[in-house]
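the sequence and its predicted three-dimensional model are supplied below.
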Amino acid sequence: MNETVRGDVAAWREGWIGVVELRRPPHNFFDNELIAAIGDSLEAFDADPECRVVILQAQGKNFCAGADFANRPATGLVEEPGRKHLYKEATRLFRTRKPLIAAVQGAAVGGGLGLALVADFRIAAPEARFVANFARLGFHPGFGLSVTLPRLIGPQKAALMFYTGKRVTGEEALSWGLADELAPLAELPAATRRFAEEIALSAPLAVLSIRETLRRGLADQVEAATERELVEQEWQRRTADFAEGVRASAERRPPRFEGR
């Protein structure tokens, strides 16, 4: 399959393996258009009978540093006529059918962590960092993370990540079950491909059937959780704490929250 480019997302197939690549280096901040392009690419692979498994990867230093809060309307963090809220657009990714493997070379932060958790598996470099930093910015998690993170690593570790914004290293992620395999940064693409090839060797109809059983109801749970997440985020974004969290993050200093 020849490379298809949708905005800052490229997609191509190598044998049975589809590849979706984010091309907004170095940090791959996302907006509605990027998430929609990922969804388009995954749905195209769903319709391709020669594709058995998909790799989600990114150019640059980081896998995805989340949404760009500097321009909320353009990013999709404000719902407008004719445009879905960013996180509602993201629920579409959970409804695609082919197994998905994320190659995480650097930071997966905030909504970027949410994007990594759309995947069935994560192959990480030691340099990877998994961070749910929402409370350190002064607001509630989004991207369905209130469902996907505790489902993956358990409620206790998820609560620790949510409450503290803890930076989970590649090694910790492997021990926690947040990553499925660790590979040196230079070998990450090859390791991810080997992982994908193991899945591609299995009977494709059986794999699709098993995946549907294992993930049954997940997309609906994420969609319901997103409604709650949006309600909480919306009022918290109007607080002084949120303004301080964003300002402190931009100034690279600890935030001074006052609970108002």
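Nice, I can see it.

do I have it right that residue 87 meets residue 146?
No - here residue 87 does not reach residue 146: they are 11.0 Å apart, not a contact under Cβ atoms under 8 Å. For glycine as for every other residue, the C-beta is placed from the backbone atoms N, C-alpha and C.

so what sits against both of these two?
Counting by Cβ atoms under 8 Å, 6 or more residues apart in numbering, the shared contacts of residue 87 and residue 146 are residue 229.

comparing these two, which residue is more hemmed in?
With other Cβ atoms under 10 Å as the criterion, residue 87 and residue 146 differ in neighbour count, and residue 87 comes out ahead with 26 against 22.

is the more buried one in a helix, a strand, or coil?
Each residue gets one of three states, and residue 87 gets helix by DSSP: H, G, I helix; E, B strand; the rest coil.

per-residue confidence at it?
Residue 87 is assigned 82 on the pLDDT scale.

so what's it up against?
By Cβ under 8 Å, 6+ apart, the contact list for residue 87 reads 111, 142-144, 226, 229-230.

farthest pair in those?
111 and 230 (12.8 Å; Cβ to Cβ).

where do the contact lists of the two overlap?
Common neighbours of residue 111 and residue 230, using Cβ under 8 Å, 6+ apart, are 87, 142.

who has more neighbours, the two?
Taking neighbours as other Cβ under 10 Å, residue 111 and residue 230 compare with residue 111 leading, 28 against 17.

wait, the more buried one touches residue 29, no?
No - taking Cβ under 8 Å as the definition, residue 111 is not a contact partner of residue 29, at 9.0 Å.

who touches both of these two?
Applying Cβ under 8 Å, 6+ apart, one finds that residue 111 and residue 29 are jointly contacted by 64, 66-67.

can I get these in a markdown table with pLDDT and distance to residue 37?
Shown next, in a markdown table, are the shared contacts of residue 111 and residue 29 (pLDDT from 0 to 100; distance: Cβ to Cβ, whole Å):
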| residue | pLDDT | distance to residue 37 |
| --- | --- | --- |
| 64 | 97 | 13 |
| 66 | 93 | 17 |
| 67 | 86 | 15 |
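
let me know the closest of the residues you listed to residue 216.
The closest of these to residue 216 turns out to be residue 64 (Cβ to Cβ; 26.7 Å).

where along this structure do the strands fall?
Taking DSSP state E as the criterion, the chain contains strands spanning 4-6, 9-14, 17-22, 53-58, 100-104, 107-109, 121-124, 129-131, 167-169, 181-182.

in TSV: the ones you listed, plus mean pLDDT, mean neighbour count and distance to residue 210.
Below are those laid out as TSV (pLDDT from 0 to 100; neighbours: other Cβ atoms under 10 Å; distance: least, Cβ to Cβ, whole Å):
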stretch	mean pLDDT	mean neighbour count	distance to residue 210
strand 4-6	94	15	28
strand 9-14	98	19	22
strand 17-22	98	23	18
strand 53-58	98	25	13
strand 100-104	98	26	14
strand 107-109	97	27	26
strand 121-124	98	26	14
strand 129-131	98	23	26
strand 167-169	97	18	28
strand 181-182	98	16	20
